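# sharing a model that was predicted from the sequence below.
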Amino acid sequence: MSTPTQPTPYDRLGGAHVLRALVDRFYDLMDEDPDYYGIRKMHPADLSTSRDKLFWFLSGWTGGPPEYADRFGHPFLRRRHLPFAIGSAERDQWVDCMRRAMRDMNLDPELQQELDAAFFQTADFMRNQPQ
Ligand code: HEM
C-alpha cells in the first residue's frame, strides 16, 4: 500500500504560474513603494534577472522543480548576499514586501503564515550586519 504524500507548499500555492505571479508582485511592490527603497537600490535597474532567479529559487525551495539548482547548482545564498549590507532593517523590508505580495495574491492564510515564518528565517540568515 502506498503512503499518500503530503502536498508541498509549491502545490498548495498553485504551482509555477501562481509562484511566478507572486515573485512579480514582490518586485513590483519593491520597485514602486518608497518603503522598500533601502533594498530596491541594491538591485539592478532592470529587475528581469532578479525576477527569474527568485522564481527559479523559490520553485525548489517550496518543494517544486529545482529550477535554480538545475541551472546554477547550489545557490550558496548567504555568500551571494555578502556584497550587500543586510541588517534587520533590510531583512524586515524584504519580509514585509513578500508578506504584502502574498496578501495581494490571496494565498491561503495558513500557507501565508507558514511561508512568512520560513521567509523570515531565511532572510534573517542573510543578515551580515550587527544591527
Ligand atoms: C534579507 C534581505 C534580502 C536582501 C536585501 C536581498 C537582496 C538581494 C540582492 C541585492 C540580490 C542581487 C541582485 C539580484 O540578483 O536580484 C539578491 C539576489 C538573490 N536573492 Fe536576495 N535578498 C534578501 C533576502 C533573500 C531571501 C530571503 C531569499 C530567498 C528566500 C533571497 C533570494 C535571492 C536569490 C535566489 C538571488 C539570486 C542569486 C543569484 O545571483 O544567483 N534573497 N538578493
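Arrived safely. Residues are numbered from 1 along each chain as shown.

# just give me the neighbour total for the nearest residue to G15 once chain neighbours are set aside.
The shortest distance from G15 to any non-neighbouring residue, by Cβ to Cβ, 6 or more residues apart in numbering, is to G64 (7.0 Å). Bear in mind the C-beta positions are built from the backbone N, C-alpha and C, glycine included. Residues near G64, counting by other Cβ atoms under 10 Å, number 17.

# nearest to the ligand: which residue in this protein?
Taking Cβ to the nearest ligand atom, the ligand has its nearest neighbour within the chain at S50, 3.0 Å off.

# what parts of the protein come near the ligand?
Residues of the chain found near the ligand (Cβ under 6 Å from any ligand atom) are 39, 42-43, 49-50, 53-54, 57, 72, 75, 77, 80-81, 84, 86, 90-91, 94, 119, 122-123, 126.

# just these: which are in helices?
Among the residues of the chain next to the ligand, the residues falling in helices (DSSP state H) are 39, 49-50, 53-54, 57, 72, 77, 80-81, 90-91, 94, 119, 122-123.

# now a PyMOL select for only the buried ones of those.
Buried residues among those (16 or more other Cβ atoms under 10 Å), as a PyMOL selection:
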select buried, resi 39+53+54+57+81+90+91+94+119+123
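
# closest one of the ones in helices among the residues of the chain next to the ligand to H17?
H17 has its nearest neighbour among those in L54, at 15.3 Å by Cβ to Cβ.

# ok, back up a step: let me see the contact set for the residue of the chain closest to the ligand.
Residues in contact with S50, defined by Cβ atoms under 8 Å, 6 or more residues apart in numbering, are 27, 43-44.

# and these, which are buried?
Using 16+ other Cβ under 10 Å, the buried ones in those are Y27.

# burial check on R25, number of neighbours?
By other Cβ under 10 Å, the residues close to R25 number 18.
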